[in-house]
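> Need a 3D model of the following:
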Amino acid sequence: MKLIKRKQEITQLLNDNEVILAAAKFVVEVERLHGKVPQVKVKLATDLKVPLLAIAMSGRIQADHARKRLEALNAAIEYTNGDRSARKRYITASQQADRLADLVAKRVDRI
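Here you go, the predicted model:
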């Protein structure tokens, strides 16, 4: 029974990581292309908001990390839509999320 619960936790952790990684990849791509991202990718990134919010509100290990990634994702989407002041916000939020990712990695190592 305990083993099954542990397996479910690890599976959930991996699924959460996929969503968080997709959001981080979009933010990096926005920076690399200076905001000139195809609208299809912006639409896909917009679809990531709900799963990221679910992770952020879940109270799981990655909740704080997902919250910062969501903040960076929102700012990156605003930047692609023409809000040039959003660039600083997504860079700052992304750096904070990177620091939180290190903390999450240390916590996961203990599991």
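> which helix in this protein runs the most residues?
helix 2-32 (DSSP state H).
> helices or strands next to it in the packing?
The contact analysis (3 or more C-beta pairs under 8 Å, 6 or more residues apart in numbering; DSSP states H and E) places helix 2-32 against helix 39-47, helix 49-58, helix 63-80, helix 86-110. For glycine as for every other residue, the C-beta is placed from the backbone atoms N, C-alpha and C.
> measure the nearest residue to residue 87 once chain neighbours are set aside to residue 36 for me?
Counting by C-beta to C-beta, 6 or more residues apart in numbering, residue 79 is the residue found nearest to residue 87 once chain neighbours are left out, at 5.3 Å. According to C-beta to C-beta, to the nearest Å, residue 79 stands 10 Å off from residue 36.
> separation between residue 88 and residue 104?
From residue 88 to residue 104 the distance is 24 Å (C-beta to C-beta).
> Of those two, give the one with the bigger neighbour count.
The residue with more neighbours, out of residue 88 and residue 104, is residue 104; 22 against 11, by other C-beta atoms under 10 Å.
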